[in-house]
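A.B. asks: Below: sequence and its predicted model.
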Amino acid sequence: MHIAIAGNIGAGKTTLTKLLSKHYKFEASYEDVLKNPYLDDFYNQMERWSFNLQIYFLNSRFRQIMDFAKNKKDIIQDRTIYEDAFIFAPNLKAMGLMTNRDFQNYKSIFEIMESFVKGPDLLIYLRSEIPNLVDQIHKRGREYENSISIDYLSRLNERYEAWTQTYNKGKILVIDVDNLDFVKNKEDLKMIINKVDESLKGLN
């Protein structure tokens, strides 16, 4: 079983990945943030490092998916390979932060990789509005995220909404998280687990 959690920066993907992996006793697979050699440079100079960052994430997530298939374990994954290709890279291009040449090169590599991978059995999309995202980003205090603009987050949110409307790689569960606190409020977490249980019916 492969469950993936998608959502904008600050939506709570990593936290929910931890909580659900503990509940279901699935292996958790996280974004390679701490070891990522491009993140600091990217947020300081997006235009210069956008292609490098996206290729790094693409390679990292492709390796994760290959490992899932090889090890045949039940997995909960923090963010998907599709978000890079359909949200982050196109957004960088649209903002003039990635050249068309680099974007076409990136897209070509993704398309080759995509032909080897299968979508998650269940995609959980954490929907969140900008004020909540900003609040969560500030709370976690990652220095390299200090320069993230409202405009950047808003553009990503628009792309997430468009992508999830047409998502066809498998089952999708949309959860509005703005008024939830699934860390401190056990009822909120229980409600999410119940929704996940319902969505998993018939997938085993």
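C.D. replies: Arrived safely.

A.B. asks: from here on, contacts and neighbour counts on C-alpha atoms
C.D. replies: Will do.

A.B. asks: Which helix runs longest in this structure?
C.D. replies: Using DSSP state H to define each element, the chain has its longest helix at helix 46-71.

A.B. asks: same for it, what does it pack against?
C.D. replies: For helix 46-71, the packing partners by 3 or more Cα pairs under 8 Å, 6 or more residues apart in numbering; DSSP states H and E come out as helix 39-44, helix 81-83, helix 100-114.

A.B. asks: any idea how far residue 195 is from residue 62?
C.D. replies: To residue 195, residue 62 is 28 Å away according to Cα to Cα, to the nearest Å.

A.B. asks: When those two are compared, which one has more neighbours?
C.D. replies: Taking other Cα atoms under 10 Å, residue 62 and residue 195 do not tie; residue 62 has more neighbours (19 against 15).

A.B. asks: Can you read off the pLDDT for that one?
C.D. replies: Looking at residue 62, its pLDDT stands at 91.

A.B. asks: what sits against it?
C.D. replies: 81, 113, 117 (Cα atoms under 8 Å, 6 or more residues apart in numbering).

A.B. asks: Need those in a markdown table (columns: pLDDT, neighbour count and distance to residue 176).
C.D. replies: Below are the contacts of residue 62 laid out as a markdown table (pLDDT from 0 to 100; neighbours: other Cα atoms under 10 Å; distance: Cα to Cα, whole Å):
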| residue | pLDDT | neighbour count | distance to residue 176 |
| --- | --- | --- | --- |
| 81 | 92 | 22 | 22 |
| 113 | 94 | 14 | 31 |
| 117 | 88 | 13 | 28 |
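
A.B. asks: ok, back up a step: among the helices and strands packed on helix 46-71, which is the most enclosed?
C.D. replies: Most buried of these, by mean neighbour count (mean count of other Cα atoms under 10 Å): helix 81-83, with a mean of 20.

A.B. asks: Of all the residues in stretch 21-28, which ones are buried?
C.D. replies: Neighbour-count burial for stretch 21-28, counted by 16 or more other Cα atoms under 10 Å, picks out 21, 26-28.
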